[in-house]
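Student: Just the structure for this:
(2 chains)
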Amino acid sequence: MRITTWNINSVRLRLAGLARVVEATRADVLCLQEIKVEDTGFPRAAVAAMGFPHMLVRGNKGYHGVAILSRVPLKPGPTRAWCGKEDGRHLAAKLKGGLEIHNFYVPAGGDEPDPRTNDKFAHKLAFLDEMTAWAKTLAPGRRILVGDLNVAPGENDVWSHKQLLDVVSHTPAETDRLRTLMTTAKWIDAVRHFVPEDERLYTWWSYRNRVWPGADRGRRLDHVWVTPPLAKKLVSAEVLREARGWSSPSDHVPVTVELAL
DNA sequence: ATGGTTGCATGGCAA
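Tutor: The predicted structure is shown next:
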């Protein structure tokens, strides 16, 4: 089974890009973030025609929003109002064999990395803390967590560790929380499972400053994690870097992990 | 230090 996560940054604007991603990744399950549309406006017919008749959608008008598209049947899994908000930042799906997939879109956090002066950053930290509390409640099982976590945890997940230590997405407050979340349910980073820690790897490049592709000032914000029972099932991991160079690109590229289930 | 781009919606905010 191939599972892909992609922050599509408007599903309606990027339907052609979605078709290209489907072809390039050969995804069986495709988790989207930032669909930027209400549930009723989601392009269900077009997505079904791409080979994904099964879909879960949790959208908002204009902002946020997540979806899980699948070639195989799935049922809605447990979710909640994270941080008491109905934001469209999480969807869960249950597949055959007791497999559970969680698709997250963690708050970006704004510009100022100070929770006292920046409500968005406070929200982001609280959201990560709540994810850790949630992870503590999980029974052992076959579980996959994917999404735009908006945190680049490792030194080689950013183009300059030193220059980004005070930049939202790579501050110790965030990277410490992500590591705590990861160890809480013994999550395994399925991408770093295949790519050595000392190798630079990015999934997002800003729209600003036209830094793509020359300067390659990227960050690894998009992740696929699995629980220990799935570790030995991991086959491969791929970052579709070239998608950043497509016409009318998202600022994020798809990340795909294959499991032998 | 500042400003840089994109999407939604048509203001200015979110990212």
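Student: How far does stretch A:250-261 stretch from one end to the other?
Tutor: 30 Å (CA to CA, to the nearest Å).
Student: what's the answer for stretch A:190-200, then?
Tutor: Stretch A:190-200: ends 15 Å apart by CA to CA.
Student: Can you tell me the SS state at the nearest residue to residue A:12 once chain neighbours are set aside?
Tutor: Once flanking residues are discounted, residue A:12 sits nearest to residue A:37: 5.8 Å by CB to CB, 6 or more residues apart in numbering. C-beta: built from backbone N, CA, C; applies to glycine. For residue A:37, the assignment made with DSSP: H, G, I helix; E, B strand; the rest coil gives coil.
Student: who's in contact with residue A:37?
Tutor: A:10, A:11, A:12, A:59, A:61, A:62, A:65 (CB atoms under 8 Å, 6 or more residues apart in numbering).
Student: Most neighbours among the residues you listed, which one is it?
Tutor: Scoring the contacts of residue A:37 on neighbours with other CB atoms under 10 Å, the highest-scoring entry is residue A:65 at 28 neighbours.
Student: That residue touches residue A:41, doesn't it?
Tutor: No - Residue A:65 is not in contact with residue A:41 according to CB atoms under 8 Å; the separation is 9.9 Å.
Student: any shared contact partners between those two?
Tutor: In contact with both residue A:65 and residue A:41: residue A:59, using CB under 8 Å, 6+ apart.
Student: Just give me the closest of the contacts of residue A:37 to residue A:131.
Tutor: residue A:65 (18.4 Å; CB to CB).
Student: so what pLDDT did that closest one get?
Tutor: Note on residue A:65: pLDDT of 97.
Student: on that earlier part again, which ones among the contacts of residue A:37 map onto helices?
Tutor: Using DSSP state H, no member of the contacts of residue A:37 sits in helices.
Student: Can you list the low-confidence ranges for chain A?
Tutor: For chain A, no stretch is flagged by pLDDT under 70.
Student: can you pull out the strands in it?
Tutor: Assigned by DSSP state E, chain A shows strands spanning A:2-7, A:29-33, A:54-58, A:66-70, A:75-76, A:90-95, A:99-105, A:143-148, A:188-189, A:204-205, A:218-219, A:222-226, A:234-239, A:255-259.
Student: What's the local residue count around the nearest residue to residue A:70 once chain neighbours are set aside?
Tutor: If the residues on either side of it in the chain are set aside, residue A:70 comes closest to residue A:54, at 4.2 Å by CB to CB, 6+ apart. A count of nearby residues for residue A:54, using other CB under 10 Å, gives 17.
Student: separation between residue A:164 and DNA strand B?
Tutor: Relative to DNA strand B, residue A:164 is positioned 12 Å away (CB to the nearest atom of the strand, to the nearest Å).
Student: same question, residue A:170
Tutor: 15 Å.
Student: so what's the residue nearest the centre of chain A up against?
Tutor: With distances taken as CA atoms, centre = their mean, residue A:147 lies nearest the centre of chain A, 1.5 Å away. Residue A:147 makes contact with A:5, A:31, A:33, A:66, A:102, A:103, A:104, A:105, A:106, A:222, A:223, according to CB under 8 Å, 6+ apart.
Student: now whatever residue of the stretch 1-150 of chain A ends up closest to DNA strand B: how far from residue A:251?
Tutor: Using CB to the nearest atom of the strand, the closest approach of the stretch 1-150 of chain A to DNA strand B is made by residue A:10 at 2.8 Å. As judged by CB to CB, to the nearest Å, residue A:10 and residue A:251 stand 11 Å apart.
Student: Lovely, talk soon.
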